[in-house]
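S.K.: After the sequence you'll find the predicted model.
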Amino acid sequence: MSAPLNVVILAAGKGTRMQSDLPKVLHPLAGRPLLGHVLAAADSLSPERICVVYGHGGETLPQVIGRTELAWAKQEPQLGTGHAVQQAVPHLNPDALCLILYGDVPLTRPETLQEMTLIAREGAIALLTVRLANPSGYGRIVRNARGQVERIVEHKDASPEELAIEEVNTGILCLPAGKLAGWLSRLTNENAQGEYYLTDVIGMAAAEGERVIPCHPAAAWEVLGINSRQQLAELERTHQRNLAEALMARGVTLIDPARLDVRGSLECGRDVLIDVNCVCEGRVILGDGVKVGAHCVLKDVEIGAGVEIKPFCHIESARLGARAIIGPYARIRPGTVLDEEVHVGNFVELKNAQVGFNSKINHLSYVGDASVGRKVNIGAGTITCNYDGANKHRTVIEDNAFIGSDTQLVAPVTVGEGATLGAGTTLTRDAPANQLTVSRAKQVSLPGWQRPVKKR
């Protein structure tokens, strides 16, 4: 039976260069905290337990992440990476493998980590390394004459010959937890920074004859850490480019791959087209043949096949049926469900509204807390007056009703099937089915009336 896996995530750093009161690992990348990305990668490996080492920011980190099944180990003061892992040792199963990750390195692929665990299960220490044209600041991988990893030397402690080495340490490694605890207990801080280096564990292991096998990420961005807002922005663009390329490989048309932001998950059917400067947040599902115009924001929505969303629409926590036409400049708020072939036009706002098949709300209207039947036409300037200052009330508009322009429906009120409301009506009582209901003042013309003029 293979050994279980424990994961340690180092997340205690202050992130001074971020110039922020927010702990560094809580800064968002693609709508998720940096630490959230690392936790997702760890979860993909089905570990027995995960321990997060935290420090700066105090209890903010456990509270924001909110995962009670995690083990949390506080590092105070911060005396280096080796000292950080020491704080996690009491939470580890000594018979398990231990994978060490970093809360500010968000884009390491699960496939890379899976490869490392396979190496460790074969009895070696798996060490993730990468070759960089400019390795400044990174610890260098020092190999012996046989090409085996012998030790890691930190940049500040390296000789000129060692500084010329391009292969660098990422800090990510996988090894037996029991042996790790023994090596950690022997660390010293006799180095240029006066810290307890986790990297010294590799030298101890190699000296004892342990096999240290380097493995490598598919791309350097997998192991890039974030220490400044500039680096955060650069890695955001890298991540978004990767997401865009994956979408296009699955048949999605992106008018400009550099101008799409996915801050959550985006699932697309066949022949989907997304124009420029669109933002997808939470979970977004686009059915076959959906077209999304420029400058749209979609958050937690399910869009049926053949829907056309014209530019500058904002749709949140809603479900749109097939072949609906939305916008431009429409806002669809949470709780809204549209049936097939619904038309929602420019400057229309819907909230908690259910709209039936082939109904139309095309111009300058607000429909909130409403149930709208099939083949209803709602004229320009219509408002459902759903709030009395204390409570929300519901409006019901039954099938085939016609609502004239500039109508106010004061909820709770029902418009019967096939009813017609004349333009300018203020409806305060139910409108009978198949009848015309009109509520407006009598039109009067005053002959001889003169418009006032401005006095000089």
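M.R.: Happy to help now that I have it. Numbers count the residues shown, from 1 in each chain.
S.K.: From here on, just use CA atoms for contacts and neighbour counts.
M.R.: Fine.
S.K.: could you show me where the strands are in the stretch 151-300 of the chain, in order?
M.R.: Taking DSSP state E, counting those that start in this stretch, the strands of the stretch 151-300 of the chain run over residues 167-176, 212-215, 253-254, 260-268, 273-274, 278-286, 291-292, 297-303.
S.K.: Mean pLDDT, distance to Gln63 and mean neighbour count added to these, as CSV?
M.R.: Putting those into CSV (pLDDT from 0 to 100; distance: least, Cα to Cα, whole Å; neighbours: other Cα atoms under 10 Å) gives the following:
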stretch, mean pLDDT, distance to Gln63, mean neighbour count
strand 167-176, 96, 26, 23
strand 212-215, 95, 35, 19
strand 253-254, 98, 38, 18
strand 260-268, 97, 21, 19
strand 273-274, 98, 37, 22
strand 278-286, 98, 21, 20
strand 291-292, 98, 37, 23
strand 297-303, 98, 24, 22
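S.K.: so which of those comes closest to Leu97?
M.R.: strand 167-176 (4.4 Å; Cα to Cα).
S.K.: that older thread, wait, which of the strands of the stretch 151-300 of the chain is closest to Pro94?
M.R.: Per Cα to Cα, nearest to Pro94 of the strands of the stretch 151-300 of the chain: strand 167-176, 7.5 Å.
S.K.: Which secondary structure elements does the closest one sit against?
M.R.: Identification of packing neighbours for strand 167-176 by 3 or more Cα pairs under 8 Å, 6 or more residues apart in numbering; DSSP states H and E yields strand 97-102, helix 110-121, strand 125-131, strand 140-143.
S.K.: rewinding a little: between the strands of the stretch 151-300 of the chain, which one is closest to Ala145.
M.R.: Of the strands of the stretch 151-300 of the chain, nearest to Ala145 by Cα to Cα is strand 212-215, at 14.7 Å.
S.K.: Check which strands are paired with the closest one and give the direction for each one.
M.R.: strand 125-131 (parallel) (DSSP bridges).
S.K.: Show me how far the partner strand is from its chain's centre.
M.R.: 29 Å (Cα atoms, centre = their mean, to the nearest Å).
S.K.: again, but for stretch 249-269
M.R.: 14 Å.
S.K.: CA atoms only: put the biggest helix by length in the chain into CSV for me.
M.R.: In the chain, taking DSSP state H as the definition, the longest helix is helix 229-249. Coordinates of each C-alpha in helix 229-249 appear next as CSV, following Å, rounded to 0.1, in the frame of the first residue of the first chain:
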residue,chain,number,x,y,z
ARG,A,229,1.7,44.1,-7.8
GLN,A,230,3.6,44.2,-11.1
GLN,A,231,4.4,40.5,-10.9
LEU,A,232,0.8,39.9,-10.0
ALA,A,233,-0.4,41.7,-13.1
GLU,A,234,2.1,39.9,-15.3
LEU,A,235,1.0,36.5,-14.0
GLU,A,236,-2.6,37.4,-14.4
ARG,A,237,-2.1,38.0,-18.1
THR,A,238,-0.1,34.8,-18.4
HIS,A,239,-2.9,32.9,-16.8
GLN,A,240,-5.6,34.5,-18.9
ARG,A,241,-3.6,33.8,-22.1
ASN,A,242,-3.4,30.1,-21.0
LEU,A,243,-7.2,30.0,-20.5
ALA,A,244,-7.9,31.7,-23.8
GLU,A,245,-5.7,29.3,-25.7
ALA,A,246,-7.5,26.4,-24.0
LEU,A,247,-10.8,27.8,-25.0
MET,A,248,-9.8,28.3,-28.6
ALA,A,249,-8.4,24.8,-28.8
